[in-house]
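Engineer: fold the stuff below for me.
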Amino acid sequence: MRNSLFTLVLLFSFGFTKAGGVYTNDALFQQLAYVNAEWNNQPEAKQLTAATQITGNSTFNQWIATHLMLVEQTLRNRDVNGLSAQQKQNRINLLNELHGYWQAGTFPINDYLSYKNPVFIDRRGTHCAVGYLMMQSGHDDLAQAIDRNEKFAYVHQIKTSGVKEWADTHGFTIDELAWIQPGYPSTTPTFDLDSGLNGTVNVITPDPTNQIVYVGGNFSGSYSGAACKNVGAWISGFAGWDWIPLGDGLNGTVHTLLLQNGKLYAGGDFTMSGNQLVGRVAVYDIAQGQWQGLVGLSSTVRALTFYNGELYAAGDFSGLLAKWNGTQWQNVSQGFMNGPGARTLEVFDNKLVVGGAFELSTGALRRNIATWDGTNMGTLGFGTLTPVNDLAVFNSTLVAACDVVNATDTCAIAAYENSDWVVKLRGVNDIMVYFQGVAVKSLLSVNNRLFAAGDFECSAGMTIGSDIMELSKTPSGMGDTSLYMCNPLTFTNSGIQALAELGNSLYFGGTFTTSSTNTTNHIAYLQLTPTGVEEVPGEAVSVNVFPNPASNSITLNGGSASILQAEIIDITGRKVLAENINAPVKSISVAQLPAGIYTVRASTKTGWASARLVKE
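Structural biologist: The predicted model follows:
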């Protein structure tokens, strides 16, 4: 799935259809206009896209490469008889450089702004296409000056001295440079935890009272030197945050952790802690620093929870669901669930809900979801189409994270609505929304927001990412409003297994070693922003916008600070509304805007803030 290559075929015909990832000429033109709105101003654009077929493009980098390839092709064919011999040669040389640039596929990362925008040179020193041409022509000083003074400017907005002269010398017009320059999608910065851990993280459990993050998985220690054997703690101490071991650790993989009354419960594939037999469920007394085993389960434990004051375990062992009665494990399912195993537990509507990969012993086919009321096993609708990896309660609705495909069924996310399970996200590939993957592994419902992680790629508008996203209602005009829209948060180089929130930070762990191009080694975090207008890093700005989604108007509230200016930007990066305000509270009409995703920007005396707005 990752690093997939795209195929480009040139056709000398018009009006083919979109099917299986092939874009019609109109759809292709629209997609390329999202990459760079200058496509609307190019005389060859419509004919060029009508004669071009694209198959397989799924990431924004692939669309940038396609954009640059088509621009290069067109610029080579333009009439340049008005140029001098030297200008013609300079132009050819730089078009050759542009060819190598898009083939390499290394483009800037926009981890500065919350919306798609040009970035002249990113934090890693990667130049945009125009900046790269300047550098290759021996004028990196000009590129660096633009980056210092106008990092986020579109070419037509650049005022740095020397740009027009450089363009003339090398046989380009400013309009051509503006067409070359794409905007880059935003990506949220991520942060490592002291270089991370040396193996997979399966579960993260926060302790907000003591500011501790407990982590379990398959690792022997941290890269900073702490010997954490499959379980450890990230603790804020006198010298800052650090990794510490929990006793002797555990001798096998940890799949689940549960914090309750000063004790940490662990479940997994382990059997020993040091020389002590602990079975597949162990309890760590945090005050005493000792492990104790709750032995008796014969196979992997994947979930633990308390229900009506009693400890339950779910997993691959016989019966799939068991209760600890104080001295031993009791099989409570009595053959009601049959299959590979149970994977998750959640208390909902006064019942214990079990999710996993199994079928129920009922007259009709019911699968992957079962309930326990303390006395009897039961059903919850007909279950989900594909196996369930996690459950969460979001706005009083039970939501399931699932394997994306099972046989001929597809269901990445399902919700229990009107007495049965309804698909809320499946594989989709169109201009505005993209989601493809293997599984959604983890859900987190916090502060009226729903986050999901797993092994997938996704995009919304021009924001792309992988493995971690926020789910929201799809606005009218943006597709099927019964489905969730996936809003990427960042991207990783491999899957995410676990999510947790602590101190307005979203922690995530898994098999990945990099996130947002940073080396993070299996565990990282990103800063959550408010659902209103979010603060731009490094600027002390506090502005809220509501309602969101909005139909007719939005209200900006700067609290004690006056809002000086406000603007709304569409997904192509174009400013569609701007107002001078100079007041702490201001209502702005958005009724005239088409349904879609926008960025609201607002300024106070201390800087700018921005947020995503959904217009219904």
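
Engineer: what residues sit buried inside the host helix or strand of G437?
Structural biologist: Assigned by DSSP states H and E, G437 belongs to strand 433-446. Across strand 433-446, burial judged by 16 or more other C-beta atoms under 10 Å covers V433, Y434, F435, Q436, G437, A439, V440, K441, S442, L443, L444, S445. In this view, the C-beta of every residue, glycine as well, is placed from N, C-alpha and C.

Engineer: what about the closest residue to D409 other than its chain neighbours, distance to A414?
Structural biologist: Setting aside the residues directly before and after it, D409 is nearest to L385 in space (C-beta to C-beta, 6 or more residues apart in numbering), at 3.8 Å. Distance, L385 to A414, by C-beta to C-beta, to the nearest Å: 7 Å.

Engineer: quick one on the thing from earlier: mind checking the SS state of the residue nearest to D409?
Structural biologist: Applying DSSP: H, G, I helix; E, B strand; the rest coil to L385 yields a three-state assignment of coil.

Engineer: where does it land on pLDDT?
Structural biologist: L385 is assigned 97 on the pLDDT scale.

Engineer: and it, its phi and psi?
Structural biologist: Torsion angles at L385 (phi, psi; degrees, to the nearest 10) stand at phi -70, psi -30.

Engineer: what's it in contact with, if anything?
Structural biologist: Neighbour list for L385: C402, N406, D409, T410, C411, A414, W421, V423 [criterion: C-beta atoms under 8 Å, 6 or more residues apart in numbering].

Engineer: again, 7 Å this time
Structural biologist: L385 makes contacts with N406, D409, T410, C411, V423, as judged by C-beta atoms under 7 Å, 6 or more residues apart in numbering.

Engineer: give me the number of neighbouring residues for the fourth one.
Structural biologist: Pointing back at C411 there. 25 (other C-beta atoms under 10 Å).

Engineer: for it, grab phi and psi.
Structural biologist: Backbone geometry at C411, expressed as degrees, to the nearest 10, gives phi -170, psi 100.

Engineer: now it, nearest residue through space, not along the chain?
Structural biologist: The shortest distance from C411 to any non-neighbouring residue, by C-beta to C-beta, 6+ apart, is to L385 (4.1 Å).

Engineer: excluding its own residues, what touches the longest helix seen in the chain? List them.
Structural biologist: For the chain, the longest helix by residue count, based on DSSP state H, is helix 85-104. Helix 85-104 has contacts (C-beta under 7 Å, 6+ apart) with 65, 68-69, 72, 75-76, 80, 83, 129, 132-133, 136-137, 169-172.

Engineer: change it to 10 Å
Structural biologist: 61, 64-73, 75-76, 78, 80-84, 107, 127-130, 132-137, 168-172, 176, 180 (C-beta atoms under 10 Å, 6 or more residues apart in numbering).

Engineer: just the buried members of those residues?
Structural biologist: Neighbour-count burial (16+ other C-beta under 10 Å) applied to these gives 61, 64-72, 75, 83, 107, 127-130, 132-137, 169-172, 176, 180.

Engineer: among the residues you listed, which lie within helices?
Structural biologist: Using DSSP H, the subset of these located in helices is 61, 64-72, 75, 129-130, 132-136, 169, 176, 180.

Engineer: in contact with T253, which residues?
Structural biologist: Counted by C-beta under 10 Å, 6+ apart, T253 has contacts 199-200, 202, 216-219, 230-231, 268-270, 300.

Engineer: change it to 7 Å
Structural biologist: T253 makes contacts with N202, G217, N218, N230, G268, D269, F270, as judged by C-beta under 7 Å, 6+ apart.

Engineer: and what of I588?
Structural biologist: Neighbours of I588 in contact, by C-beta under 7 Å, 6+ apart: S553, I554, L556, A566, E579.

Engineer: kindly recompute the last result at 8 Å.
Structural biologist: Taking C-beta under 8 Å, 6+ apart, we find I588 in contact with S553, I554, T555, L556, A566, I568, L577, E579.

Engineer: the fourth one against V545, yeah?
Structural biologist: Yes. In this structure L556 lies within contact range of V545 using C-beta atoms under 8 Å: 5.5 Å.

Engineer: how about the helices in the protein?
Structural biologist: 25-35, 45-50, 60-77, 85-104, 129-136, 140-150, 163-169, 174-180.

Engineer: among those, which comes closest to N504?
Structural biologist: For N504, the closest of the helices of the chain is helix 60-77, at 27.7 Å, according to C-beta to C-beta.

Engineer: that closest one - contacts with which helices or strands?
Structural biologist: Helix 60-77 sits against helix 25-35, helix 45-50, helix 85-104, helix 174-180, with contacts defined as 3 or more C-beta pairs under 8 Å, 6 or more residues apart in numbering; DSSP states H and E.

Engineer: may I see the buried residues of the shortest one?
Structural biologist: For helix 45-50, the neighbour count (16+ other C-beta under 10 Å) marks A45, L48, T49, A50 as buried.

Engineer: next: the third one.
Structural biologist: Of all the residues in helix 85-104, those buried under the rule 16+ other C-beta under 10 Å are Q87, N90, R91, L94, L95, E97, L98, Y101, W102.

Engineer: angle of it against helix 129-136?
Structural biologist: With axes from the mean of the first three to the mean of the last three C-alpha atoms, to 10 degrees defining the directions, helix 85-104 sits at 120 degrees from helix 129-136.

Engineer: dump helix 85-104 to PDB, restricted to CA.
Structural biologist: Once non-C-alpha atoms are left out, helix 85-104 reads as follows in PDB (Å, rounded to 0.1, in the frame of the first residue of the first chain):
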ATOM      1  CA  ALA A  85      19.500  31.700 -27.700                       C
ATOM      2  CA  GLN A  86      20.900  31.900 -24.100                       C
ATOM      3  CA  GLN A  87      17.400  32.200 -22.600                       C
ATOM      4  CA  LYS A  88      16.300  29.200 -24.600                       C
ATOM      5  CA  GLN A  89      19.200  27.200 -23.400                       C
ATOM      6  CA  ASN A  90      18.700  28.300 -19.800                       C
ATOM      7  CA  ARG A  91      15.000  27.300 -20.100                       C
ATOM      8  CA  ILE A  92      15.800  23.900 -21.400                       C
ATOM      9  CA  ASN A  93      18.400  23.300 -18.700                       C
ATOM     10  CA  LEU A  94      16.000  24.200 -15.900                       C
ATOM     11  CA  LEU A  95      13.200  22.100 -17.500                       C
ATOM     12  CA  ASN A  96      15.600  19.200 -17.400                       C
ATOM     13  CA  GLU A  97      16.200  19.900 -13.700                       C
ATOM     14  CA  LEU A  98      12.400  20.100 -13.200                       C
ATOM     15  CA  HIS A  99      12.100  16.600 -14.800                       C
ATOM     16  CA  GLY A 100      14.500  15.100 -12.300                       C
ATOM     17  CA  TYR A 101      12.900  17.000  -9.400                       C
ATOM     18  CA  TRP A 102       9.400  15.500  -9.900                       C
ATOM     19  CA  GLN A 103      10.800  12.100 -10.700                       C
ATOM     20  CA  ALA A 104      12.600  12.100  -7.400                       C
END
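
Engineer: mean confidence (pLDDT) on that helix, please.
Structural biologist: 96.

Engineer: stretch 148-157 too?
Structural biologist: Stretch 148-157 shows a mean pLDDT of 85.

Engineer: over to stretch 219-230?
Structural biologist: 94.

Engineer: gap between the two ends of it?
Structural biologist: Terminal residues of stretch 219-230 lie 5 Å apart, using C-alpha to C-alpha, to the nearest Å.

Engineer: mind listing what's buried along it?
Structural biologist: F219, G221, S222, Y223, A226, C228, K229, N230.

Engineer: and what of stretch 602-616?
Structural biologist: A602, S603, T604, W608, A609, S610, A611, R612, L613, V614, K615, E616.

Engineer: what's the farthest-apart pair in the residues you listed?
Structural biologist: Farthest-apart pair in those is T604 and E616; separation 27.6 Å (C-beta to C-beta).

Engineer: does C402 touch A439 like I think?
Structural biologist: Yes. Shown here, C402 and A439 form a contact pair, counting by C-beta under 8 Å, at 7.1 Å.
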